[in-house]
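Asks: I would like to see how this sequence folds:
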Amino acid sequence: MADQGPIADTIEAGKRLVRAGGGTGLSLGERLANQLNQLSWRTPLHALRLKGRFPLKLLAVPDDEILGDVRMGQTLIAGQFSFRGETLAREALDFRKMAVGQPFSDYLQSFAWLRDLATAAPRAEAVPIAESLTRQWLEAHGNYVSDAGWRADLWGRRMLFWTAHAPLILSSTDLVYRSAVLNALARGARHLERTADRVLPGLPRIAAWCGVVTAGLLIAGGEGRQKAGEAGLIRALAAGMSEDGGLVSRAPEAQLDLVMLLTMVTKVYLARGQLVPDAIDVALGRAVPAVLGVVLGDGGLSSWQGGGPVSAATVQAVVEASGVRSRALRQARDWGYQRFSAGATVLVIDAAPPPVSRVAHGGCASTLAFELSDGGHRLIVNCGGAALGGAFLPADLANGLRTTAAHSTLVLGDSNSTAVLANGALGRGVIEVALDRKETEAGSWLEASHDGYARRFGLIHKRELSLSADGKEVKGEDSLAPASAKRKVPDTQFAMRFHLAPRTEVSVTADGLGALLRIDGGALWQFRVRGGSLMVDDSLWVDGAARPHAAQQLVVSGQVSGAASISWILKRAG
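Replies: Sure, this is the predicted structure:
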């Protein structure tokens, strides 16, 4: 694949309004249609549609060049599944009744653990474990279509993992078992053809159509299915990705997952000696710069829209396997992230409305927040992790991590800039974000504002950020101004939050207007503020394994009477 760097690095000057898409969630009609669709899976008619020719073998076995998690694989070999603090003994696994959280259940049902197993053990040791667990799945779901085992996006992923790791599950001399696995793949492909377009847009629909394409390429007689799968996948990519390559869910962790899925599909084409369709190749070429655009100086992902700081090793493994050689996307106007980079400093800024609820899981009210790193050290962060699930994050904590206060931005009246509803959906709030960015010899400059507080408080929040050319100085100004000259604005309290990475030492200066921030093992940064009162408060930060860590935050508070302006600076000492 060609280098995508020159295209990805374009910076456009001037203002542009970014508007949230219509609707906040699924309508009642859509929810009913989805329920009826799933009920139809259990009918004799759907069972009849799944019947067909039994494949005798796969036409090829694609490579999976992405390394799995060695620790998770070793735990599995020792007799347990482990996922974000939850554990399940292999002998206690029941694919019919998953007594674990949804993210853990999806990991098990998708067979993503085959990659971890293959990475941690030689084939001779891994095969008996993989075969045993595959037999269990076939007994539970092979001949019975259910919501848990036959969700289209899970079948799409399972199709990819079963075929890429066929040596682990199809090496048996038991012809009855081998036939059952191949027949399940064929039945899953027929199911996907009829259900993939009914999955929610974004990553779930893309995953489902990836499964159809894979089946079309690897199961005999699949030429028609391949053509239909390619058309469906191209439609899903068009609906699920913005022009600049970002997913509509705006979640960096999901974006990395998108790169992984498209990479696995391209390996299927290579295994068959076929060219990847241009539209799929272009989508992958755009997805990689977008995900690199939200990587911090330590090589890991920044934490947005419910995701966590996926490690540098994982990001590197996925990007290298993709074959895309590209620089980070500095300005993703549609996806919504802006990147500043100078010297050793990297800033990632959320400059767009939150995603609409129908395409988001764990969406957050984070508009105009930012994260900052110095070299391989994080300094200013968001709490992150709201959508990760697992044993460490109870539901009430996860919901709190979605709030504006859990992000490094301004909070007005102890409210969210976009409402986080009790049912998990995102409600009213930010509709428009006005954006202006410039690049000069002096550095990078950004001005952005949102209307998330206009309806309730009659105020617009504007944030200006600049990064000096040497990366040693970050200047900011946050202002609140009336949204309308005709409306009287009530006096309201504000709190501007700067969440600090764990193990960052904080010392408030004697005048109470500044603080010294020493990064653990890193540099010293000076913080100064004007226009509010500074204090240090407790915070937390969620790591990539969904574990919360104690941390601190700088809080600049005050009262807005008609309008307010708070200026601040972060300066690296040395």
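
Asks: the helix or strand hosting Met159 packs against which elements?
Replies: Element membership for Met159, per DSSP states H and E: helix 152-164. For helix 152-164, the elements it packs on are helix 102-110, helix 113-120, helix 175-195, helix 203-218, helix 252-271, judged by 3 or more C-beta pairs under 8 Å, 6 or more residues apart in numbering; DSSP states H and E. For every residue, glycine as well, the C-beta is placed using N, CA and C.

Asks: closest one to Arg463 among those helices?
Replies: The closest of the helices and strands packed on helix 152-164 to Arg463 is helix 252-271. By C-beta to C-beta, the value is 20.4 Å.

Asks: buried sites along the closest one?
Replies: The neighbour-count check on helix 252-271 (16 or more other C-beta atoms under 10 Å) flags 252-269, 271 as buried.

Asks: quick one: the helices in the stretch 251-400 of the chain?
Replies: 252-271, 278-292, 312-322, 395-400 (DSSP state H, counting those that start in this stretch).

Asks: chain center to the third one: distance?
Replies: In terms of C-alpha atoms, centre = their mean, to the nearest Å, the centre of helix 312-322 is set 15 Å apart from its chain centre.

Asks: how about the second one?
Replies: When C-alpha coordinates are averaged (C-alpha atoms, centre = their mean), helix 278-292 and its chain have centres 15 Å apart.

Asks: so who does Ala152 touch?
Replies: His191, Leu192, Thr195, Ala196, Arg198, Val199, Pro204, Ala207, Ala208, Gly211 (C-beta atoms under 8 Å, 6 or more residues apart in numbering).

Asks: state the number of residues packed around the first one.
Replies: The local packing of His191 (other C-beta atoms under 10 Å) involves 21 other residues.

Asks: looks like Leu182 contacts Leu56 (just checking).
Replies: Yes. Using C-beta atoms under 8 Å, Leu182 makes contact with Leu56 at a distance of 7.2 Å.

Asks: now render the helices and strands packed on helix 152-164 as TSV, adding distance to Ser533 and mean pLDDT.
Replies: Formatted as TSV, the helices and strands packed on helix 152-164 follow (distance: least, C-beta to C-beta, whole Å; pLDDT from 0 to 100):
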stretch	distance to Ser533	mean pLDDT
helix 102-110	40	96
helix 113-120	49	97
helix 175-195	56	94
helix 203-218	43	98
helix 252-271	33	98
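
Asks: out of those helices, deepest packed?
Replies: Counting by mean count of other C-beta atoms under 10 Å, helix 203-218 has the highest mean neighbour count of those, with a mean of 28.

Asks: between helix 102-110 and that helix, find me the angle.
Replies: Put simply, helix 203-218 runs at 10 degrees to helix 102-110, going by axes from the mean of the first three to the mean of the last three C-alpha atoms, to 10 degrees.

Asks: what's downstream of helix 203-218, the next helix or strand?
Replies: Heading C-terminal from helix 203-218 (DSSP H and E), you reach helix 223-240.

Asks: can you give the contact residues for that following helix?
Replies: By C-beta under 8 Å, 6+ apart, helix 223-240 touches 189, 193, 196-197, 201-203, 205-206, 208-210, 212-217, 219, 247-248, 265, 277, 279-280, 283, 359.

Asks: rerun that using 6 Å as the cut-off
Replies: 196, 201-202, 205-206, 209, 212-213, 216-217, 248, 277, 279, 283 (C-beta atoms under 6 Å, 6 or more residues apart in numbering).
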